[in-house]
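> Starting from these lines, generate the structure:
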Amino acid sequence: MKVLITGSTGFLGKHLVSYLRTNTNWLINPNTEKFDYIINLASNSSVEQSIAEPIWTVENNVTSMLDTLELARAHPPKVFIQMSTVEAARPNNPYAASKAAQEAIASAYRHTYGMNIIIVRSHNIVGKGQHPNKFV
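Modelled structure (predicted):
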């Protein structure tokens, strides 16, 4: 399997890459345009930064979503997994609003282009290597 993991250097991405390399024979982020799976973890996830820099946060998160979906549209994977947050259900800060926008865009691509997109909403994920500014 060939899998593209966006955000592979972030907190969750590092753990996912490590797990997959240890427990599967999947090719992680191979130098190719065709993937079996795309797992989109890339986003600015700092609520504090989103409050201080809302325009940058929303532009960054929405643009990275669109860029990744356009890659997937040009080279359709079997499955596109979008990592989101429960905060997207009731966005109370710019970060949560940007994640809600990502979900809406992913849903639009699923319906418009027939893409196999799964949206995963999680609560806070904590563990080894987590940035200290994350609220627990």
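
> So T9 belongs to a helix, correct?
No - under DSSP: H, G, I helix; E, B strand; the rest coil, T9 sits outside any helix and is assigned coil.

> where exactly do the strands run in this protein?
Along the chain, the stretches classed as strands by DSSP state E are 2-6, 27-28, 37-40, 79-85, 117-122.

> Turn those strands into CSV, including mean neighbour count and mean pLDDT.
In this view, the C-beta of every residue, glycine as well, is placed from N, C-alpha and C. Formatted as CSV, the strands of the chain follow (neighbours: other C-beta atoms under 10 Å; pLDDT from 0 to 100):
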stretch, mean neighbour count, mean pLDDT
strand 2-6, 21, 97
strand 27-28, 16, 96
strand 37-40, 23, 98
strand 79-85, 21, 97
strand 117-122, 15, 96
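
> Format these as JSON lines; extra columns: distance to I105.
Formatted as JSON lines, the strands of the chain follow (distance: least, C-beta to C-beta, whole Å):
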{"stretch": "strand 2-6", "distance to I105": "14"}
{"stretch": "strand 27-28", "distance to I105": "25"}
{"stretch": "strand 37-40", "distance to I105": "11"}
{"stretch": "strand 79-85", "distance to I105": "9"}
{"stretch": "strand 117-122", "distance to I105": "10"}
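
> any idea which residue sits dead centre in the chain?
L41 (2.6 Å; C-alpha atoms, centre = their mean).

> residue contacts, that one?
Each residue near L41 by C-beta atoms under 8 Å, 6 or more residues apart in numbering is listed here: I5, T6, G7, S8, G10, L12, G13, L16, M83.

> what two of the residues you listed are the furthest from one another?
Across those, no pair lies farther apart than S8 and M83, at 11.9 Å, counting by C-beta to C-beta.

> All good on my end, thank you.
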